[in-house]
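> Structure for this input, please:
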Amino acid sequence: MIFKWIIFIVMPIFYFRHKKLNTHPKTDEIIYSPPFEYDYAIVNGIYLNNLHNETGSVNVNGLTIEIAKLIKKNYISVSIDDDVIDKEEKITLVLNHMNIKKLNSTDKEIINILQLFSKHDMTLKDIKTKLNNKSVLKKFIFQLKIWKRDIEQKNRINPNEYYRYEHVGNVEIVAILTVFASIIRIIIYGFLMHIAFIIAAEIILIMFSILLFFTSKVIMGHYTEMGYYHLTKWIMFKNYLSSEDELQKHSHDDWEDILLYACCFGIENDVIKNFKKINVNVNNNDLEKFIENDGVKILSDIFYKEVKRI
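Now for the predicted structure:
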């Protein structure tokens, strides 16, 4: 009985404490260049550690940003049909085969992934339709895992060095046992003895146990010392990209690289608007067209929703 009430009191405190430890560091400081030389997918994985429940590692959003990088390098062209209302149908990706031989291994793997959908050109709608085919979807997931492994090895990244889980399984077991024990007590004290206070307490305890079970991977995860340091540096760089005043202080021959980093932080459309305000010429460029028509977001959502079906 005493143990039960200790759990009842401690569990909410435990939940909110660990949830707080899982938040991003806050800083207003600014740095004007990328703090580390990582591929964009890695930066995205470190920054958006909870994106699509793939905590602390490279995911489909990172894959989409790397596709945008290949657009920037002219290995993929983009065509926008302004007469089409559906955004998935209006964006077409075209593979430039003449240049593909020059790619490094991880970028070639991205082209191989895209060739699952077409050898030459494809709308985002085509990609979505092809992924509805179970055979294509399984090949996509298989090649995605290979690419994910290779790009992490290329960047010498081990996600556990940045973000780590602690005893997740034990927490889930405790939550399950607590739910079963509470149900038994509700039956005994509710139906047989009609003690309303205990019933209410047990119901609340069940609710917290269920919450703990479904969120244990989040609340038991935490940044490592190195991960927290790297993340703080990337947030400082994001602060620079987010500021129109700071962007205006510098020339931007590298504006395409800045846009790709902005994609890693989910602020790409804001950066495009700020570029236009300070007269950086980003118009009629394939990368700008792809981003401004929400290509990164749409393609990432397509990949994620289809992968989730497995």
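> quick one: low-confidence ranges for the stretch 101-250 of the chain?
163-206, 208-222 (pLDDT under 70).
> Strands along that one, start to end?
121-123, 163-165, 221-223 (DSSP state E, counting those that start in this stretch).
> contacting residues around residue 71?
Residues in contact with residue 71 (Cβ atoms under 8 Å, 6 or more residues apart in numbering) are 77-78, 93, 286-287, 290. Quick note: C-beta positions are derived from backbone N, CA and C, even for glycine.
> Quick check: the farthest pair among the residues you listed?
93 and 287 (12.1 Å; Cβ to Cβ).
> what do these two both touch?
71, 78.
> Give the buried subset of the contacts of residue 71 as a ChimeraX selection command.
Buried residues among the contacts of residue 71 (16 or more other Cβ atoms under 10 Å), as a ChimeraX selection:
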select :78,93,286,287,290
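> of all the contacts of residue 71, which comes closest to residue 259?
Of the contacts of residue 71, the one sitting nearest to residue 259 (Cβ to Cβ) turns out to be residue 287, at 6.3 Å.
> what's the closest non-adjacent residue to the closest one?
Nearest residue to residue 287, sequence neighbours excluded (Cβ to Cβ, 6 or more residues apart in numbering): residue 72, at 4.6 Å.
> what's around that neighbour, how many residues?
Applying other Cβ atoms under 10 Å, we find 17 residues neighbouring residue 72.
> Pop out the phi and psi values for it.
Dihedral pair for residue 72: phi -60, psi -40, per degrees, to the nearest 10.
> Ok, residue 76 next?
Torsion angles, degrees, to the nearest 10, at residue 76: phi -130, psi 130.
> likewise residue 98?
Dihedral angles (degrees, to the nearest 10) for residue 98: phi -60, psi -30.
> same question, residue 94
According to degrees, to the nearest 10, residue 94 has phi -120, psi 120.
> could you dump the contacts of residue 71 to TSV with distance to residue 115, pLDDT and secondary structure?
Listed next are these as TSV, based on distance: Cβ to Cβ, whole Å; pLDDT from 0 to 100; DSSP: H, G, I helix; E, B strand; the rest coil:
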residue	distance to residue 115	pLDDT	secondary structure
77	15	95	strand
78	17	96	strand
93	11	97	strand
286	19	94	helix
287	21	94	helix
290	19	95	helix
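> hang on, isn't residue 45 packed against residue 155?
No. Using Cβ atoms under 8 Å, residue 45 is not in contact with residue 155, being 9.8 Å away.
> Who has more neighbours out of the two?
residue 45 (29 against 18).
> The helix or strand harbouring that one packs against which elements?
Secondary structure assignment for residue 45, by DSSP states H and E: helix 40-47. Applying 3 or more Cβ pairs under 8 Å, 6 or more residues apart in numbering; DSSP states H and E, one finds that helix 40-47 contacts helix 60-72, helix 134-154, helix 225-242, helix 255-265.
> I'd like these as JSON lines, with distance to residue 280 appended.
Listed next are the helices and strands packed on helix 40-47 as JSON lines, based on distance: least, Cβ to Cβ, whole Å:
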{"stretch": "helix 60-72", "distance to residue 280": "15"}
{"stretch": "helix 134-154", "distance to residue 280": "29"}
{"stretch": "helix 225-242", "distance to residue 280": "13"}
{"stretch": "helix 255-265", "distance to residue 280": "5"}
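> now for those helices, which one comes closest to residue 303?
When the helices and strands packed on helix 40-47 are compared by Cβ to Cβ, helix 60-72 sits nearest residue 303, at 3.8 Å.
> what angle separates that closest one from helix 255-265?
Relative orientation of helix 60-72 versus helix 255-265 (axes from the mean of the first three to the mean of the last three Cα atoms, to 10 degrees): 170 degrees.
> So which bits of the helix holding residue 45 are buried?
For helix 40-47, burial by neighbour count (16+ other Cβ under 10 Å) applies to 40-47.
> again, but for stretch 286-295
Applying a neighbour-count criterion of 16+ other Cβ under 10 Å, one finds 286-295 buried in stretch 286-295.
> taking those residues as a set, which two sit the farthest apart in space?
Longest span within the buried residues of stretch 286-295, Cβ to Cβ: 286 and 294, 14.8 Å.
> ok so, going back, can you give the contact residues for the helix holding residue 45?
By Cβ under 8 Å, 6+ apart, the list of residues contacting helix 40-47 from outside reads 34, 38, 51, 54, 56-59, 61-63, 65-66, 68-69, 151-152, 155, 157, 159, 162, 227, 230-231, 234-235, 238, 260-261, 263-265.
> re the thing from before, helices - which of the buried residues of stretch 286-295 land there?
Counting by DSSP state H, the part of the buried residues of stretch 286-295 found in helices is 286-292, 295.
> Now those residues in a markdown table, please, with extra columns for distance to residue 246.
Formatted as a markdown table, these follow (distance: Cβ to Cβ, whole Å):
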| residue | distance to residue 246 |
| --- | --- |
| 286 | 27 |
| 287 | 22 |
| 288 | 21 |
| 289 | 26 |
| 290 | 25 |
| 291 | 20 |
| 292 | 22 |
| 295 | 26 |
